[in-house]
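[1] could you look at this predicted model? Sequence included:
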Amino acid sequence: MTTPDGRATGTTFLTPLAFERKVLASAGVPADRIHVCGPGREGVRRWVDQHGEPEGPIVLVGLAGGLDARLASGDLVVVDEVVDPHGRVTEPPVCRRLRIADATRGRVTTTGRIVASAEAKHALGRTTGAVIVDLESLHFAELARERDWDWGIVRVVGDPADQAVPAALDRFVDHLGRSRPGLIAAEVFRRPALLGTLRHLARQSRSALLELGAALRDLPVPPAPTTDSGQRPERVGRRTGPRSILVFGGSFDPPHRGHLTLPFEAAARLGCDEVVFVPARVNPLKVDAPPANPEDRVRMLEAALARRTSVPGHPPIEARIDRREIDRDGPSFTFATLESIHRELVEASERDGLELRMRPRLRLLIGSDQALDFDRWRDWRKIIALAPPVVMPRPPETRTTLAARYRDHFDPALAGRWATWTLDLAAEGVSSSEIRNRRARGEDVSALLPDGVLEIIEELGLYEASP
């Protein structure tokens, strides 16, 4: 079927790897219906950014790792829940309308790297309740939900829960989902025993994908339900689970454009419900106190937040200023702040009778310079347990360069976690110190500040050159 302007309608299948597309097409799935996005978050986001609104349902398909011991290689899973790291669940709107014989219905979770060992698979299944794991479903769900697409996920188990796979598998394809034969050959040359493992996995994966292709070949996807007026319901893909709160601390001296845009973009990417701004009285890692006094910095931050706009395509995100560090004497230690916030949330949850799994979850937003200095922070391991960090790259760093620096700075397991905590946000080339310096030179800084902040700076005569 086509639209009047010649565009194809019907179900679009999105798959991360070129190998997956090739096998699915050989099984009879129309090749023009299958798009390759590339692996992981970057692959999904790149594809979504480059393509317009699909004319019909869009279904993410391909291989997944098994987490439930009852699933064998080649078993199909119609995903009825996508669970994020905070335990919040999204239901794909297409899942209830899909009818695939002998398919399991279950939950998927998404990780930043291949889950290689059987022990890690079983542990992930226990903690998330998921039956399969992949690198894309959560990111696909977030973007599809933002755009109000009619979407679903169907995966086939490649490697079952009891089967270990090489941890280097995710490096054997490039960012576009194409195999990297040179790198594979070099790895096999270094570890000859790997060749037999890879051949077995290739045969196993091909067989599983042929099962998936047979199911998708003639798969009917009934149209989305409509209201009495013929319109689709306002929102599909319900998300449930505990509230998620992003904590963002700093001097905010003054709050600049990046302080306003990046936290809300990060919160939208992570599905957070609220951003809590925590102005510091004194940063313990900096000798000098902030030039502006605490009350002036709070006033500027209030003005900036009062005029902020919502992130396009996302539900409204709440914002508030937490004064506990401003009102506390002495240096502001992040661990003490997070512990205090966490204690209040637990007490409120207990008063409200919330189950443990439904209590609000914390994340801590930091810059990449802070991430590379994180092991200097007091009780930094406890901070990670209370509020896993979210890292914003700051120029000249990018997500790619930071991954290499994490490997040089942290042990391998922790370096991998830091890589998954780092967002591919477009960094703002502005800093508070630059604004203060330019202001002291009498230069115009209005383009670097959120609406309402410059008026307060001029009223109070802040950051002007000394006479």
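    Looks like it arrived, so ask away. Numbering: from 1, shown residues only.
[2] how about the strands in the stretch 351-467 of the chain?
    361-367, 389-392 (DSSP state E, counting those that start in this stretch).
[3] what do you get for the chain?
    12-15, 34-36, 58-66, 76-83, 89-90, 104-110, 132-134, 151-159, 239-240, 244-250, 274-279, 318-321, 361-367, 389-392 (DSSP state E).
[4] using CSV, lay out the ones you listed together with distance to residue 50 and mean neighbour count.
    To be clear about C-beta, it is placed using only N, CA and C from the backbone, and glycine gets the same treatment. Below are these laid out as CSV (distance: least, CB to CB, whole Å; neighbours: other CB atoms under 10 Å):
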stretch, distance to residue 50, mean neighbour count
strand 12-15, 12, 24
strand 34-36, 10, 18
strand 58-66, 14, 27
strand 76-83, 23, 23
strand 89-90, 23, 20
strand 104-110, 21, 21
strand 132-134, 21, 27
strand 151-159, 17, 26
strand 239-240, 25, 14
strand 244-250, 28, 23
strand 274-279, 29, 22
strand 318-321, 31, 14
strand 361-367, 28, 22
strand 389-392, 24, 23
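[5] would you reformat the strands of the stretch 351-467 of the chain as CSV and include distance to residue 138 and mean pLDDT?
    Formatted as CSV, the strands of the stretch 351-467 of the chain follow (distance: least, CB to CB, whole Å; pLDDT from 0 to 100):
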stretch, distance to residue 138, mean pLDDT
strand 361-367, 15, 92
strand 389-392, 15, 90
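[6] tabulate those (TSV), appending distance to residue 141.
    Output for the strands of the stretch 351-467 of the chain, formatted as TSV (distance: least, CB to CB, whole Å):
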stretch	distance to residue 141
strand 361-367	18
strand 389-392	18
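[7] doesn't residue 244 make contact with residue 88?
    Yes: between residue 88 and residue 244 there is a contact at 6.7 Å, judged by CB atoms under 8 Å.
[8] tell me the contacts of the closest residue to residue 442 other than its chain neighbours?
    Nearest residue to residue 442, sequence neighbours excluded (CB to CB, 6 or more residues apart in numbering): residue 465, at 7.1 Å. The contact partners of residue 465, by CB atoms under 8 Å, 6 or more residues apart in numbering, come to 440, 441, 442.
[9] next, find the distance separating the second one from residue 456.
    To tie it back to what came earlier, the one meant is residue 441. Distance, residue 441 to residue 456, by CB to CB, to the nearest Å: 20 Å.
[10] comparing those two, which residue is more hemmed in?
    A direct count of neighbours by other CB atoms under 10 Å for residue 441 and residue 456 places residue 456 higher, at 20 against 9.
[11] measure how buried the closest residue to that one other than its chain neighbours is and give me the count.
    Excluding the flanking residues, the one nearest residue 456 by CB to CB, 6+ apart is residue 300, at 5.2 Å. Residues within reach of residue 300, counting by other CB under 10 Å, total 28.
[12] hang on, the earlier thing: who touches both of residue 88 and residue 244?
    Counting by CB under 8 Å, 6+ apart, the residues touching both residue 88 and residue 244 are residue 271.
[13] what segments of the stretch 351-467 of the chain are helices?
    For the stretch 351-467 of the chain, the helices defined by DSSP state H, counting those that start in this stretch occupy 368-371, 380-386, 399-409, 412-421, 432-440, 453-460.
[14] buried deepest among the ones you listed, which one?
    helix 368-371 (a mean of 20; mean count of other CB atoms under 10 Å).
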